[in-house]
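J.: Model the structure of this input:
(chains A and B)
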Amino acid sequence: MYRILLPFLTYIAFVFESTVMQVVNPKQDWGILLIPHFSLVIIIFVASYLKPSYGIVYGLIFGLLTDLMYTDLIGIYMFSTALVAYITAVLSRFLFGNLFVTLVLTILGVAVLEFLVYGLNTLVGVANESVDLFLYNRLISTLILNGVFAILIYYPLVKFLRKMKDSIGEN
Amino acid sequence: MPQFFSNKRLIILLVSIIILVALIGFSMKDREELTWPEKFLKDTVGFTQSIFYKPANLVAGFFENIGEMKNMYHENKLLKAKLDEYAQMAVDVKRLNKENKDLRKQLGIQGDLSDYKVRQATVIGRSPDKWNKFIFIDKGSNAGVQPKMAVRTTEGFIGKVVKVGAFYSTVQLISDNDRTNRVSAIVQGNKRVFGTIEGYDDKKRRLLLKKIPIEAKVKKGQKVVTSGLGEVFPSGLLIGEVTDVKPDEYGLTKTAYVKPAADLYDLDHVMILDRTAQKLDENVLNEKGEE
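T.: Numbering: from 1, shown residues only, chains lettered A, B, ... in the order given. As a prediction, the model looks like this:
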């Protein structure tokens, strides 16, 4: 059952990014952008609490889905999300898993993804924003939003992932 | 402490970077039709999006309505005044339309670049990263939607259809900075001035109307409409209003900043326009070339 429920949860988070979060988005006059990366946050949790290989595979699949659905170019999110999942998996091997550490990992992961996507999009010519505009209007608010989301889902999701790990270990 | 990247991992990273570049190259070329797995994914994701978007929109709309109640009295007064004007204008438009039709019949002109058929659609989502400015709508090829059709709201032109599934499709907004996203436009005035809409200034929130001849006179407040000369969109769709004009970086042409007529951030219902004017027949073109 866990094997179906976890992809389903991630998929719901993925759809949430484009629908609910777009409705409750702040008005454009405020000048800040809140970019939800909820599926990435769940993937970071999976990579650090379940199994690194699971995290990387989820990163590849949902990155590809993001590319196909939400963008024009295939590959940017697929590469970046899988790389973030790998970095998280490596770092979480040395760190004790608690709320604070996970929050730091999440913020780091989202920041790495945002920088990678910004850099690659600038190379291709899709993005033409200056770095200071990117930092102040986009990155800080995005990190706060995804950090809050990570805190909200921390207890239920970690409980769920630990149970899932036990059930996988038994088989 | 073990190495962060072992040799094997380093090779995997390099190979994946090569694959990344290959994939970007593959997807950068112009693809009109989606492959069938993409279509299937588009419809599945579109279905889930429509489940989530509508209730969320209803709840958000409820709170918005409460906020709007404060301005209601003032707005009502204004609207009543506008309504009187409207009645007179409706009569005029009807008369002019009839006159136009009669004159056209006398001259024997059929069709016009500004003719189009309209399909209604509802927005079910938006691209979450703001680099790509896509919206998702709930009409697909089963309802007759095809790539490259123009999309507008009641206020003005907003973009074109790019990806089409069976039941859902994707619209690229006019503010997307993709280099293939260009619209041939006219600045209305005594003399028509031609240019192309190329990209968007995120800081000023203005569309960029480039390639205006340097000697052309463009003033603040002039309206910008589609020209219909690109063989894709109908002509005469309102894009926006000029707010500022500057010479471009080389001083050979001018760039105008255009304030979009439609609110590109708050879209609910859109209209998909099917241009009815015929395109040039390719066979005719080829025959002429051979002679």
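
J.: lowest-pLDDT helix or strand in the chain?
T.: All of this refers to chain A. Lowest mean confidence among the helices and strands of chain A (mean pLDDT, DSSP states H and E): helix A:20-23, at a mean of 80.

J.: Could you pull out the buried residues of that helix?
T.: Buried residues in helix A:20-23, counting neighbours by 16 or more other C-beta atoms under 10 Å in any protein chain shown, are found at A:20-23. All C-beta atoms are positioned from the backbone trio N, CA, C, and that covers glycine.

J.: what about the strands in chain B?
T.: B:116-126, B:134-137, B:150-152, B:157-164, B:169-173, B:182-187, B:193-201, B:206-213, B:223-226, B:238-247, B:253-260, B:269-275 (DSSP state E).

J.: In CSV: these, plus mean pLDDT, distance to chain A and mean neighbour count.
T.: Listed next are the strands of chain B as CSV, based on pLDDT from 0 to 100; distance: least, C-beta to the nearest C-beta, whole Å; neighbours: other C-beta atoms under 10 Å in any protein chain shown:
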stretch, mean pLDDT, distance to chain A, mean neighbour count
strand B:116-126, 87, 4, 19
strand B:134-137, 91, 7, 25
strand B:150-152, 90, 17, 25
strand B:157-164, 90, 8, 24
strand B:169-173, 91, 8, 25
strand B:182-187, 88, 13, 22
strand B:193-201, 87, 7, 19
strand B:206-213, 88, 11, 20
strand B:223-226, 90, 20, 22
strand B:238-247, 90, 15, 18
strand B:253-260, 90, 11, 21
strand B:269-275, 87, 15, 18
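
J.: A:Y118: which of these is closest?
T.: strand B:193-201 (16.6 Å; C-beta to C-beta).

J.: still on that earlier bit, tell me what the least confident helix or strand of chain A is packed against?
T.: Helix A:20-23 makes packing contacts with helix B:36-68 when contacts are defined by 3 or more C-beta pairs under 8 Å, 6 or more residues apart in numbering or on different chains; DSSP states H and E.

J.: thinking again about what came up before, any idea which of the strands of chain B gets closest to A:T10?
T.: So among these, strand B:116-126 is nearest, using C-beta to C-beta, at 17.2 Å.

J.: hey, C-alpha coordinates of the closest one in CSV?
T.: Taking Å, rounded to 0.1, in the frame of the first residue of the first chain, the C-alpha atoms of strand B:116-126 are listed here in CSV:
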residue,chain,number,x,y,z
TYR,B,116,-12.7,34.5,-36.4
LYS,B,117,-14.8,31.8,-34.7
VAL,B,118,-14.8,31.8,-30.9
ARG,B,119,-14.6,28.9,-28.4
GLN,B,120,-14.9,29.4,-24.6
ALA,B,121,-12.6,27.8,-22.2
THR,B,122,-11.8,27.9,-18.5
VAL,B,123,-8.4,28.2,-16.9
ILE,B,124,-7.4,25.2,-14.7
GLY,B,125,-3.9,26.0,-13.8
ARG,B,126,-0.7,28.1,-14.3
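
J.: Could you spell out the sheet neighbours of that strand, each with its direction?
T.: strand B:134-137 (antiparallel), strand B:269-275 (antiparallel) (DSSP bridges).

J.: Just the residues contacting that strand, thanks.
T.: Applying C-beta atoms under 8 Å, 6 or more residues apart in numbering or on different chains, the external contacts of strand B:116-126 come out as A:15, A:18-19, A:22, B:46, B:49-50, B:53-54, B:134-139, B:143-145, B:150, B:168, B:234, B:267-276.

J.: That strand: how far from the chain's middle?
T.: 11 Å (C-alpha atoms, centre = their mean, to the nearest Å).
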